[in-house]
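Colleague: Next input, structure requested:
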Amino acid sequence: YHFQEYLVDYDEFINTHMWMNAGCVGFDPYYIGLDFKRRQYWDKTGAYVRKWCPELRNLPDSVDLPEAERGIGTFHHDCLYEPWGNPDALMKEAGVVLGETYPHRICDERKARSRFFSKHQQRRRSQLPPDSMTDERGRDMVSLGKGGKKIAMFTPRAFLWRK
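Modeller: Prediction:
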């Protein structure tokens, strides 16, 4: 109860998660799922995937694809780390057939991450005391004592309170 008593910005769930992160146990709520954009740091040339997943060795590192949602511009697609999003012609040319030579995607980590944060926010809302407050930007407001003054705290975007 030390932190609950002495921290101005104490939040039971955030405090618990941060101690779990510090101990390298449990979920890391900031990095749940894989972030394929970080590939450039650990497998810049694609050598790791080409060595351990030889069925993908003939795929290019990446391609620029038309941006389908808005119909304008292009986006950079990582062929090795997201083969399920490759154009069919590219997969055929590389000899990759999802479900035969390479497995189908097991889960959509972006949707799973979204569900995780949604459930976390619902639980957080159900556990907040009735006198808790947020400002117009959704940030947590914390009382500075009995004087009634409140300050806005840094709240990670995924945990902002949406009214």
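Colleague: going forward, measure contacts and count neighbours with C-alpha atoms only.
Modeller: Will do.
Colleague: Could you pull out the buried residues of stretch 67-84?
Modeller: Neighbour-count burial for stretch 67-84 flags His77, Asp78, Cys79, Leu80, Tyr81, Pro83, Trp84 (criterion: 16 or more other CA atoms under 10 Å).
Colleague: and the residue sitting furthest away from the middle of the chain, backbone torsions?
Modeller: For the chain, the residue at maximal distance from the C-alpha centroid (CA atoms, centre = their mean) is Gly147, at 38.4 Å. For Gly147, the backbone dihedrals (degrees, to the nearest 10) come out as phi -70, psi -10.
Colleague: low-confidence ranges in the chain?
Modeller: 24-38, 40, 69-71, 128-132, 158-163 (pLDDT under 70).
Colleague: List the buried residues of the top helix by length along the chain.
Modeller: Counting residues, the longest helix found in the chain (DSSP state H) is helix 109-127. For helix 109-127, burial by neighbour count (16+ other CA under 10 Å) applies to Arg113, Phe117, His120, Gln121, Arg124.
Colleague: Next: stretch 81-101.
Modeller: Tyr81, Pro83, Trp84, Asn86, Leu90, Met91, Gly95, Val96, Val97.
Colleague: okay, among these, which ones form the most distant pair?
Modeller: Based on CA to CA, the longest span within these runs between Tyr81 and Gly95 and measures 16.3 Å.
Colleague: Start from the N-terminal end of the protein and give the strands.
Modeller: 62-66, 74-78, 133-134, 140-143, 150-152 (DSSP state E).
Colleague: so can I have JSON lines of the ones you listed showing distance to Met20?
Modeller: Supplementary listing: the strands of the chain in JSON lines, determined by distance: least, CA to CA, whole Å:
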{"stretch": "strand 62-66", "distance to Met20": "36"}
{"stretch": "strand 74-78", "distance to Met20": "32"}
{"stretch": "strand 133-134", "distance to Met20": "25"}
{"stretch": "strand 140-143", "distance to Met20": "22"}
{"stretch": "strand 150-152", "distance to Met20": "25"}
